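Asker: What would the 3D arrangement of this be:
(one chain, ligands or ions: 1)
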Amino acid sequence: MHNLSQRRHIDTILSYGGHQSAPRRYAPIHELIGRSWKRCLSEYGLDPCQPRPARIVTQQTLREHQDSVDEFLNVARAGVEQLYAQVASLGYVLLLSDYRGITVQFLGDKRDERLHKAGLYLGADWNEQYAGTSAVGTCIQEQQALTCHRLDHFDSSHISLTCTAAPIKDPSGQLLAVLDISALNSSRTPESQNFALHLTQLYARLIEDVYFLRRYRHHLVFKCDQSRELVQVSGQLLFALDEQGEVLAANTAARDLLMQLNKIDLQKLSLPELLECQWQDILSINACHDGTRAFRVEGTQQTLYGTLIEPKSPTASRFFMAPSVTQQAEPVPALDRLCADDPAMRQTLSLAKRLRNKNVSLLILGETGTGKEVLAQAIHATSHRADSAFMAVNCAAIPDSLIESELFGYVPGAFTGGRAKGAKGIIQQANGGTLFLDEIGDMPLHLQTRLLRVLAEGQVLPLGAVTPIDLDIRVLAATHCNIQKLVAEGRFREDLFYRLNGATLTLPTLRARADKQYLIQALLQQINPNIRLRADAVSALLAYAWPGNIRQLANVLTFAEAISEAGEITVHHLPKEITTHQPERPVFSFPMQTPYELSQSDITDSYSQTSEQQILLNLLRQQRWNISAVAKQLSVSRPTVYRRIKKLNIVMPKDV
Ligand SMILES: Nc1ncnc2c1ncn2[C@@H]1O[C@H](COP(=O)(O)OP(=O)(O)OP(=O)(O)O)[C@@H](O)[C@H]1O
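Answerer: All right, here's what the predicted structure looks like:
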C-alpha cells in the first residue's frame, strides 16, 4: 500500500511520461532527472506503481566487484574517510560504487536497519535499470555530479532520501567509480544540498587525482593551474608525459581544457606544442626559484603556471633529467632583468640573447610603453658594440622639415639656416655602435628611400656632400604599428621592411604579462627602495588593464609614492582610474576563452575623431602645448602625442 505522498509521486512520474494528463508536481523538474525518469519508463520498463525493495548483491558477487577495483579502493581510502568525517555528524552516510552501480565501500552505521532497508549499504545495487532514478545510477548514466533529492527519485520507496553523487574517472577518461553521500531523511530544500554537491565533487576530484598520480608514478607529471600561488598545493590540471613530452594521460580538468581547444585525441599530443614552448622549458621548471614556470596555452591568451612531479623510480627519472647548467640559456643580466617569468618575454629575450652579437637588423614590435626602447638599449649594452654610441631617433617626434638633416647630417652651406660648420647626422654619430630607429612606421616615404640606400650600401651621404661616408652600424627599429599592413597599403617600402626585419622581437602588453608583480616591484625599487606596497594596492594594480603599459605603471607608482604616508602605499594612494576600474578577472574555471584585447589604437580609434580632437586640444591648451606634460597626463609617449596631433589635424601654434 502506498501512502499519500507516494501516490502523488507516482502520479507525477506517470504524467511526466505522458501516461496521465496533468502533472501533479509543481516544482520544476531538473532536466537531468527528467531524462532519467523517461529512461526508467520507456527504456527499462520500470513501473512506478511497483516499488522495488533495495537489492543487496551476495557476498560472493560483492567480492568480485571489490576485487576488480582493489587498487583503486586502496588509493581512495584516505579521501573517502576524510569526506565521511566531514559529513557524518550531519546525518550522512557514504557510498562508493563501482562503474556498474554496486556499492563496494560503505561508511555509516552498519547496524542501522533503516539504512539497510533503504539500500544505503555495502553491496547495494544502485544501477538505474534496477533502482530507477538515484544519485549513483543517474550519475553513471549522465557522467556528471548531481543531487537526487527526495521526490527526484523514481522509486517511491526512496522519496525520503537525499543523495549526492560525483563521478570519478580513470586517467583515460573512463568512469571508474561514483562517490555518494546520502541521508535517510532530509526535510531541507534541494538548494540546501548545494554545499554537499560541491564537497562531494571536490573529494571525487581529489581521489581521482591521487589515483592518477599513483598510476603515473613512474612518469613525469606536469601539474598546472591558473594561479601561481596555488599550483604547488592544488594544481587542477595533470598531464602524464613520456620522454619526448607527449601526453600519455590527462585528468578530467585537463581533458576539459583540451576539449575547449578541440583536441579530443590525446594520441600524439605534444605538451610543448600545447604550451608554445621548448621541451627544455618544461624539463627545467624545477630549476626556477619557486619550482614554477608560466606558460601560454596555444592560440589563447590564457596563462597556466606549471610545476613538475618527478617520476618516483630512479630508472625513469634518468629520462627526465633537468638540463645541465651548460644546456640552459646563458645568463645575460641586462636582458634577464627585463622580465621574471612570462612566456612571451622568455621567447623574445632568448632570441635577443642569440642575436645580440649578430649583425642582423632587428625589428621590435609592441604597443606603446611596452619597453621597446629599453629592450633596444639592453641589446646594445650586451653586445660587442657596447663601448660605442647608442643613437636613438624618434621618427615621429622630429618635424618632417628637420628629419632629413637630423638623420643624414649636412655639409657647410647645404641649406640656409644650417650651422656654418655643418652637422654630423645621427646615422653618422652611431658609427661603430647601434642606431635605434623608433616609430619607424612614421617615417615619410621619401626618407625611407634614402634610409634604404644607407642600409644597402653601408654609406651615408650628408646633405650637400659629394663623397659618401663609410658606416659600420647595427640597426634596431621599433614600431607600435602593424607594419605589414602599412606595407600592404603602400605606406611603407616593402624592401626597407625586409632590410630592417632580419628578425622580429615582439613585446607583450603589460596586461598580458604573467610577471606583472615582478615589474611592479622592480619599478618601485627604482622609485624608492624603502617604500612598502600593501597587499590591497598590489591586488588593484594586478587587476587593472593598463592601456598605457609599463610607462603608465611607472607613472602610477611615481604618483602613489609621492602621496604615500608612513613609508607605505595602500590602495588609497592609487589614482582613481585604477581603483574604480571593473576588472575582468580570469575566472577560476575552464573553458578558457581568448579575451578580445583592445590595442591602444583600437581604443583611440573607437572614439569619434572630433571628440578626441577636442579632448586632445583642450589638454594641449591646458598644458600650454607642453607635449611632455600632455604625454605624461595621458600615460603615453611623446611620439604618440605627436602622432595623434598629426592624425587629428591639430595645428600647433607657431611659437611652441
Ligand atoms: N622591463 C622593464 N623594467 C622596468 N621598466 C621598464 C621596462 N620596460 C620598460 N620600462 C619603462 O617603461 C617606460 C616605457 O618604456 P619604453 O620607452 O622603452 O617603451 P616603448 O615601447 O619604446 O614606448 P613608445 O612606443 O611609446 O616609444 C620607460 O619609462 C621604461 O623605463
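Asker: Below-threshold pLDDT in this protein: ranges please.
Answerer: Within the chain, the ranges that satisfy pLDDT under 70 run 1, 19-28, 187-188, 314-329, 581-615, 635, 653-656.
Asker: neighbours around Glu494, how many?
Answerer: Glu494 has 12 neighbours, counted by other Cβ atoms under 10 Å. (Glycine included, C-beta is placed from N, CA and C.)
Asker: Apart from its neighbours in sequence, what residue is nearest it?
Answerer: Counting by Cβ to Cβ, 6 or more residues apart in numbering, the nearest residue to Glu494 once its immediate chain neighbours are dropped is Val487, at 5.1 Å.
Asker: Which of the helices or strands spans that neighbour?
Answerer: Assessed by DSSP states H and E, Val487 sits inside helix 483-488.
Asker: Pairing-wise in the sheet, spell out the partners of the closest residue to the ligand within the stretch 151-300 of the chain.
Answerer: Distance from the ligand to each residue of the stretch 151-300 of the chain (Cβ to the nearest ligand atom) is smallest for Ala294, at 15.6 Å. Counting by DSSP bridges, Ala294 forms beta bridges with Tyr305.
Asker: Surely it and Met345 touch.
Answerer: No. The pair Ala294 / Met345 is not scored as a contact, 9.4 Å apart, by Cβ atoms under 8 Å.
Asker: any shared contact partners between those two?
Answerer: Jointly contacting Ala294 and Met345 under the rule Cβ atoms under 8 Å, 6 or more residues apart in numbering are Asp515.
Asker: What separation do you get for the residue nearest to Glu494 and Leu496?
Answerer: Using Cβ to Cβ, to the nearest Å, one obtains 9 Å as the distance from Val487 to Leu496.
Asker: More neighbours: these two, which one.
Answerer: Neighbours per residue, other Cβ under 10 Å: of Val487 and Leu496, the larger number sits with Leu496, 23 against 17.
Asker: buried stuff in the helix or strand where Phe212 lies?
Answerer: According to DSSP H and E, Phe212 maps onto helix 194-215. For helix 194-215, a neighbour-count test (16 or more other Cβ atoms under 10 Å) marks 196-197, 199-201, 203-213, 215 as buried.
Asker: hang on, the earlier thing: ok, the residue nearest to Glu494 - contacts?
Answerer: Each residue near Val487 by Cβ under 8 Å, 6+ apart is listed here: Arg493, Glu494, Phe497.
Asker: near the ligand, anything from the helix holding Val487?
Answerer: No. Helix 483-488 does not reach the ligand (Cβ under 6 Å from any ligand atom); its nearest approach is 13.1 Å.
Asker: cool, stretch 622-633 as well?
Answerer: No. If you take Cβ under 6 Å from any ligand atom as the test, stretch 622-633 misses the ligand, and the best it gets is 8.5 Å.
Asker: Give me the domain ranges for the chain.
Answerer: 59-213, 216-325, 333-506, 607-647 (automatic domain parsing).
Asker: Tell me which of the ones you listed sits most buried.
Answerer: Stretch with highest mean neighbour count among the domains of the chain: domain 59-213 (a mean of 20; mean count of other Cβ atoms under 10 Å).
Asker: Now the terminal residues of it, how far apart.
Answerer: 31 Å (Cα to Cα, to the nearest Å).
Asker: what sits against the nearest residue to His9 once chain neighbours are set aside?
Answerer: Spatial nearest neighbour of His9, chain neighbours left out: Ser156 (5.0 Å); criterion: Cβ to Cβ, 6+ apart. Counting by Cβ under 8 Å, 6+ apart, Ser156 touches His2, Gln6, His9, Ile10, Pro48, Pro51.
Asker: Now do the SS call for the first one.
Answerer: Reducing the assignment at His2 to three states with DSSP: H, G, I helix; E, B strand; the rest coil gives coil.
Asker: again, but for the last one
Answerer: Under three-state DSSP, the three-state class of Pro51 is coil.
Asker: burial measure for it, as a count.
Answerer: Quick note: Pro51 (other Cβ under 10 Å) scores 17 neighbours.
Asker: any idea how far the closest residue to it other than its chain neighbours is from Lys38?
Answerer: Once flanking residues are discounted, Pro51 sits nearest to Ser157: 4.1 Å by Cβ to Cβ, 6+ apart. According to Cβ to Cβ, Ser157 and Lys38 sit 20 Å apart.
Asker: Repeat that for Pro331.
Answerer: In terms of Cβ to Cβ, Pro331 sits 65 Å off from Lys38.
Asker: Can you verify Leu238 is assigned to a helix?
Answerer: No. Using three-state DSSP, the assignment for Leu238 is strand, not a helix.
Asker: which ones are touching the closest residue to it other than its chain neighbours?
Answerer: Once flanking residues are discounted, Leu238 sits nearest to Asn251: 4.2 Å by Cβ to Cβ, 6+ apart. The contact partners of Asn251, by Cβ under 8 Å, 6+ apart, come to Pro171, Glu208, Asp209, Phe212, Leu237, Leu238.
Asker: Switch the residues you listed over to a markdown table, and while doing so, append distance to the ligand to every line.
Answerer: Formatted as a markdown table, the contacts of Asn251 follow (distance: Cβ to the nearest ligand atom, whole Å):
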| residue | distance to the ligand |
| --- | --- |
| Pro171 | 41 |
| Glu208 | 41 |
| Asp209 | 37 |
| Phe212 | 39 |
| Leu237 | 30 |
| Leu238 | 33 |
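Asker: From the residues you listed, pick the one nearest Asp400.
Answerer: Nearest to Asp400, judged by Cβ to Cβ, of the contacts of Asn251 is Leu237 at 54.3 Å.
Asker: wait, what's in contact with Gln129?
Answerer: Tyr44, Gly137 are the contacts of Gln129 under Cβ under 8 Å, 6+ apart.
Asker: What helix or strand is it located in?
Answerer: Judged by DSSP H and E, Gln129 forms part of helix 128-131.
Asker: got the CA positions of the helix or strand following that helix in CSV?
Answerer: Counting by DSSP H and E, the next helix or strand C-terminal to helix 128-131 is helix 135-142. Output in CSV follows, covering the C-alpha atoms of helix 135-142 (Å, rounded to 0.1, in the frame of the first residue of the first chain):
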residue,chain,number,x,y,z
ALA,A,135,22.2,9.9,-7.5
VAL,A,136,24.5,6.9,-8.1
GLY,A,137,22.6,5.3,-11.0
THR,A,138,21.9,8.6,-12.8
CYS,A,139,25.5,9.8,-12.2
ILE,A,140,26.6,6.7,-14.1
GLN,A,141,24.3,7.3,-17.0
GLU,A,142,24.9,11.1,-17.2
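Asker: Give me the contact list for helix 135-142.
Answerer: 32-33, 35-36, 39, 95, 97, 99-101, 103, 126-129, 131, 145-148, 163-167, 175, 178, 180, 182.
Asker: And the next helix or strand past that helix?
Answerer: strand 146-149.
Asker: That next one packs against which elements?
Answerer: helix 31-38, helix 135-142, strand 162-169, helix 194-215 (3 or more Cβ pairs under 8 Å, 6 or more residues apart in numbering; DSSP states H and E).
Asker: what about these, which gets the closest to Gly306?
Answerer: helix 194-215 (15.3 Å).
Asker: contact partners of the helix or strand that the closest one is followed by?
Answerer: Next helix or strand after helix 194-215 toward the C-terminus (DSSP H and E): strand 220-225. Strand 220-225 has contacts (Cβ under 8 Å, 6+ apart) with 212-213, 231, 234-241, 271, 282, 295, 304-311, 319-320.
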